[in-house]
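[1] Sequence and computational prediction follow.
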Amino acid sequence: MRHQKKHNALGRTSSHRKAMLANMSNSLIMHKRVNTTLAKAKELRTFVEPVLTIAKEDTTHSRRTAFAILSDKEAVKELFRVVAPKIATRPGGYTRILKTGARPGDNSNMCFIELVDFNELMLGTSEAKAAEEKAKPTTRRSRKKKTDGGAEGTAEKAPKAKKKKEAEAGE
């Protein structure tokens, strides 16, 4: 029976799984986004969100607790200096999982797991919109519209046609 088995073992021993999740947490904190399998992402979410909650309070105790879990000095610095101030007002749900399809080799479900407050494109900030506008190609698919010279040419022909009509009417 499967009573009280809440985590996915991911085919690893306990120590291997803990080390792998700690490394993935470090990568997520440093790079703000990680590409992985869906099963690992779901496990990583349950592993890293309590660490992010701990980081919201910047005390010596919380830093030591985060270091005990992550085991990487640089990741802890990044967590408390950059990540924690951005997530300070968020009541939970610090990560987002975006499914990207199947991996070609073994058909595993792949996804991105990212920190919610660090994806500027989804936040819709003005900086992100400016970057998006800049990334758009500037080529035009339609032909150029007629210039003013073309419009003047038609305007000149109209009075001549009028004069011709007047001349014909006068004769």
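    Great, that's in hand.

[2] Now do the strands in the protein.
    Ranges of strands within the chain are 33-37, 95-102, 109-115, based on DSSP state E.

[3] Dump those to CSV, plus distance to Thr53, mean pLDDT and mean neighbour count.
    Just so you know, the C-beta spots here come from the backbone N, C-alpha and C atoms, and that holds for glycine as well. Below are the strands of the chain laid out as CSV (distance: least, Cβ to Cβ, whole Å; pLDDT from 0 to 100; neighbours: other Cβ atoms under 10 Å):
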stretch, distance to Thr53, mean pLDDT, mean neighbour count
strand 33-37, 19, 97, 17
strand 95-102, 12, 96, 14
strand 109-115, 13, 96, 19
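
[4] and of these, who's closest to Arg45?
    Minimum separation from Arg45 across these (Cβ to Cβ) falls at strand 95-102, 5.1 Å.

[5] Partner strands of the closest one and their direction?
    Partner strands for strand 95-102, per DSSP bridges, with pairing direction: strand 109-115 (antiparallel).

[6] Sketch out the low-pLDDT regions of this structure for me.
    Applying pLDDT under 70 to the chain flags the ranges 125-168, 170-171.

[7] quick one: contacts for the residue positioned nearest the centre of it?
    Closest residue to the average C-alpha location of the chain: Asn119 at 3.9 Å, with Cα atoms, centre = their mean. Residues in contact with Asn119 (Cβ atoms under 8 Å, 6 or more residues apart in numbering) are Lys32, Arg33, Arg96.

[8] Make JSON lines from the strands of the chain and add distance to Gln4 to it.
    Formatted as JSON lines, the strands of the chain follow (distance: least, Cβ to Cβ, whole Å):
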{"stretch": "strand 33-37", "distance to Gln4": "25"}
{"stretch": "strand 95-102", "distance to Gln4": "25"}
{"stretch": "strand 109-115", "distance to Gln4": "26"}
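
[9] These: which one's closest to Ile87?
    Using Cβ to Cβ, the nearest of these to Ile87 is strand 109-115, at 7.7 Å.

[10] got the buried residues for stretch 21-40?
    Going by neighbour count (16 or more other Cβ atoms under 10 Å), the buried part of stretch 21-40 is 21-22, 24-30, 32, 34, 36, 40.

[11] Can you tell me which of these end up in helices?
    Under the assignment DSSP state H, these contribute Leu21, Ala22, Met24, Ser25, Asn26, Ser27, Leu28, Ile29, Met30, Lys40 to helices.
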